[in-house]
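In: Build me a model:
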Amino acid sequence: MSNPTHLQYTEEHEWLTAAEDGVSTVGITAHAADALGDIVYVQLPEVGDTITAGESCGELESTKSVSDLFSPVTGEVTEINQAVIDDPASVNSDPFGDAWLFKVKITEAGKLLTSAEYDAFIGA
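Out: Below is the predicted model:
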């Protein structure tokens with residue numbers, strides 16, 4: 001699966017949409033989902049939480065390991081995707097679509113990569 005060019009990425013394998021009214025959607029990349037294996041549990045920040053770029057804001061647990069979810073930006077969580085909590089395996093099957101993780105009202109961006117920079121980072 002190729003990485004959509006309209007998204008920005010982090011070296012921790014999260015993706016971020018361009019902000020609409022200051023709010024961006026966050027998810028993990030297909031590369032991360034593949035590396036994790038079958039995801040069985042998702043812990044997300046709560047609506048209203050303030051998250052900080054580069055810091056852990058949740059967890060993804062697979063049959064192989066537990067991985068921290070890192071925030072690509074600083075801001076306030078405005079929405080979480082309850083569907084991925086109810087069906088964690090959806091993150092494996094649709095990481096760039098319906099299996100987004102949360103939305104955040106951005107106050108400050110972290111270090112973000114373009115699609116081409118992320119592809120180079122993961123050796124795609």
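
In: Every contact and neighbour count from this point should use C-alpha atoms.
Out: Will do.

In: partner residues bridging residue 25?
Out: residue 103 (DSSP bridges).

In: Wait, it touches residue 100, no?
Out: Yes: here residue 25 reaches residue 100: they are 6.9 Å apart, a contact under Cα atoms under 8 Å.

In: For the most centrally placed residue in the chain, list the residues it contacts.
Out: Closest to where the C-alpha atoms of the chain average out (Cα atoms, centre = their mean) is residue 27, at 2.5 Å. Applying Cα atoms under 8 Å, 6 or more residues apart in numbering to residue 27 gives the contacts 14, 15, 16, 95, 96, 99, 100, 101, 102.

In: Which of these ranks first by neighbour count?
Out: residue 15 (30 neighbours; other Cα atoms under 10 Å).

In: can you list contacts of the strand or helix carrying that residue?
Out: Element membership for residue 15, per DSSP states H and E: strand 14-16. By Cα under 8 Å, 6+ apart, the surrounding residues in contact with strand 14-16 are 7-9, 24-29, 69-72.

In: With stretch 112-124 instead?
Out: Under Cα under 8 Å, 6+ apart, the answer for stretch 112-124 is 3, 4, 5, 6, 7, 8, 9, 10, 11, 72.
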